[in-house]
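# Give me coordinates for this.
(chains A and B)
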There are 2 protein chains.
Amino acid sequence: MNTKTLETYLQEKSALIEETLDAYLPQATETPKTIHEAMRYSVLGGGKRIRPVLTLAVSELFGGFEEEAIIPACAVELIHSYSLIHDDLPVMDNDDTRRGKASCHKKFGDAIALLAGDALLTHAFQLLATVKNPEKSKRFAEVLAKAAGTEGMIGGQVLDLEAATKDFDLLKLDEVTLRKTARLIEVSSLLGAISAGVDETTERSISRFGRYLGIAFQVMDDIIDRDGYLRLMTSDEAKNKAAVLIQKAKEELSPLGGAREMLNLISEAILNRKR
Amino acid sequence: MNTKTLETYLQEKSALIEETLDAYLPQATETPKTIHEAMRYSVLGGGKRIRPVLTLAVSELFGGFEEEAIIPACAVELIHSYSLIHDDLPVMDNDDTRRGKASCHKKFGDAIALLAGDALLTHAFQLLATVKNPEKSKRFAEVLAKAAGTEGMIGGQVLDLEAATKDFDLLKLDEVTLRKTARLIEVSSLLGAISAGVDETTERSISRFGRYLGIAFQVMDDIIDRDGYLRLMTSDEAKNKAAVLIQKAKEELSPLGGAREMLNLISEAILNRKR
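Model (predicted):
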């Protein structure tokens, strides 16, 4: 019953996210076509949409308006998409495939992939500038830029590059995970809270919730890919680490009241995911 | 006398811009050091600062506050710097030098250069989110993202990549120049006007002023580098094209009143520049 409810919820939200991204991305008919095709190819029709779903679900918990939360939700997904394109480039991970199809540079060439990533990053902030309420628009840009920059995602990417050539221990891996993966998932949750207009204490709880969720998400990713954390612990130990994090995430929600069942279900789904 | 005045003005403004960029960029001591070093290496201690100077000079013309205009001025310079890092990458122009020193990827490696560009682009929007007035913060982000994205600079970059492999004529070159170079110079001027709080008609005049200036800037660049426009016209014809554009730029200013002498001097300096 709960699984069915979650599945329906995720389907509905994914459809809304897809539709909104489709509408806000430049059309493939606009000049220069190549880059617009590359941007749409990399963003549309794939991905679990975990980040924008979190933004919507957190906003919903606090009674926010979905038509407002959808903008930062899509902006964070554009940031995620750009980071995947640049990560896949030959100069980084050199991945030929992404989400079961050719990676952006394999399909469009390295130069267009580089520029498509740049354009999606730029477009994320252009999208946030369309938010009607100027205070919220500014706040969204502030927290998203911080989470995506060298304090967050890009910083994690650099630490990851450096870690590959140096000793590798749990402390370093936790730091890489926190920045490279968890900060963007954290900010996805925070954007939903800001959109709904909660107080600062609640913002902080929601940030911690997102951070725990984000680290757990990466640990589960590593279990599925037999990488990262599995180089330092057994699969059972990793699963236990993820379970503890999800428990902590849910504890952050419990004093907040409201209909938090959906966020609990999403949290549990992260722990139980097989792909 | 005028030349001396302009020289002093440019020195003063460049010093302020350098100081502000230095303060707003992450310090090289912050982790991860490598990328912060790469960001600072590429932004500080070089460049003509034509874009941020324009923002400051336009704001000044309309009686705006310099301490407000300096933020969008520095944001536009960060966007310019990121674009140079990515342009220099082996996958794009493969340039080993920039401003008389090793290009970012030659000094820090391709991966760090890619991420340093991403980080500067992100940082530009983070900087705009620090603007106190939320309406202005939002408006700055809106116009800068538009000028830097596929409608503007990135789009011009793509058209340029495509032009290299196709027929090359003046119509196409003008379109590339307009997007790749002129849109960012146009928006530099516009940001100064928005910062000072002018009306919409004046915003449009200032945009046209910046656009003419931007195209003239690129034509002069091509004369200096013996490239681009010099593949389609003689040096004298190109110089004449630039002179006509600078004349048009100055005509946009004349009905605006105010102490526009400095902008006229800057316009003339673009026409007379030797490097």
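
# Does A:D22 touch A:G45 like I think?
No: judged on C-beta atoms under 8 Å, A:D22 makes no contact with A:G45 at a distance of 9.4 Å. C-beta: built from backbone N, CA, C; applies to glycine.

# Tell me which residue lies nearest the centroid of chain A.
A:R51 (3.8 Å; C-alpha atoms, centre = their mean).

# what residues are up against the residue nearest to it when sequence neighbours are not counted?
Nearest residue to A:R51 in three dimensions, chain neighbours excluded: A:S188, at 4.0 Å (C-beta to C-beta, 6 or more residues apart in numbering or on different chains). By C-beta atoms under 8 Å, 6 or more residues apart in numbering or on different chains, A:S188 lies in contact with A:50-52, A:54-55, A:73, A:76, A:210.

# any idea how far A:K33 lies from A:P26?
Using C-beta to C-beta, to the nearest Å, we find A:K33 at a distance of 10 Å from A:P26.

# before we move on, the earlier item: make a ChimeraX selection of whichever of the contacts of A:S188 turn out to be buried.
Restricted to buried positions by 16 or more other C-beta atoms under 10 Å in any protein chain shown, the ChimeraX selection for the contacts of A:S188 reads:
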select /A:50,51,52,54,55,73,76,210
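
# Just the closest of the contacts of A:S188 to chain B, please.
A:V76 (13.0 Å; C-beta to the nearest C-beta).

# Wait, that closest one touches A:L121, no?
No: A:V76 is beyond contact range of A:L121, at 11.7 Å (criterion: C-beta under 8 Å).

# Show me where chain A has its strands.
Ranges of strands within chain A are A:97-98, A:101-102, based on DSSP state E.

# Out of those strands, the one nearest B:M262 is which?
strand A:97-98 (50.6 Å; C-beta to C-beta).

# Can you give me the separation between A:E261 and chain B?
34 Å (C-beta to the nearest C-beta, to the nearest Å).

# For that residue, report the pLDDT, please.
Looking at A:E261, its pLDDT reads 91.

# Tell me how far it lies from A:Y9.
Remark: distance between A:E261 and A:Y9 (C-beta to C-beta) = 10 Å.

# Have a look at those two and say which one is more surrounded.
The residue with more neighbours, out of A:E261 and A:Y9, is A:Y9; 17 against 13, by other C-beta atoms under 10 Å in any protein chain shown.

# How about that one: what's its closest non-neighbour residue?
Nearest-residue entry for A:Y9: A:M262, 6.1 Å, with adjacent residues in sequence omitted and distances by C-beta to C-beta, 6+ apart.

# you'd agree the one you found is up against A:E7?
No: applying C-beta under 8 Å, one finds A:M262 not in contact with A:E7, separated by 11.9 Å.

# So between the two, which is more surrounded?
More crowded of A:M262 and A:E7, by other C-beta under 10 Å: A:M262, with 20 against 12.

# distance between the biggest helix by length in chain A and the chain's centre?
Identified as the longest helix of chain A according to DSSP state H is helix A:200-225. Mean-position distance between helix A:200-225 and its chain equals 10 Å (C-alpha atoms, centre = their mean, to the nearest Å).

# next one: stretch A:156-164
That offset, for stretch A:156-164, works out to 19 Å (C-alpha atoms, centre = their mean).

# Keeping just the C-alphas, turn it into CSV.
Extracted C-alpha coordinates of stretch A:156-164, given in CSV (Å, rounded to 0.1, in the frame of the first residue of the first chain):
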residue,chain,number,x,y,z
GLY,A,156,34.0,17.6,-3.6
GLN,A,157,34.9,16.9,-7.2
VAL,A,158,38.4,18.4,-6.7
LEU,A,159,38.9,16.4,-3.4
ASP,A,160,37.8,13.3,-5.3
LEU,A,161,40.4,13.9,-8.1
GLU,A,162,43.1,14.5,-5.5
ALA,A,163,42.1,11.4,-3.4
ALA,A,164,42.5,9.1,-6.4
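
# So which residues on the stretch 101-250 of chain A come close to chain B?
Contacts of the stretch 101-250 of chain A with chain B, taken as C-beta under 8 Å from any C-beta of the partner chain, map to A:110-112, A:114-115, A:117-119, A:121-123, A:125-126, A:128-131, A:134-135, A:137-139, A:141-142, A:145-146, A:148-151, A:154-155, A:157-159, A:161-162.

# 7 Å instead?
By the rule C-beta under 7 Å from any C-beta of the partner chain, the part of the stretch 101-250 of chain A lying against chain B is A:110-112, A:114-115, A:118-119, A:121-123, A:125-126, A:128-129, A:134-135, A:137-138, A:141-142, A:145-146, A:148-150, A:154-155, A:157-159, A:161-162.
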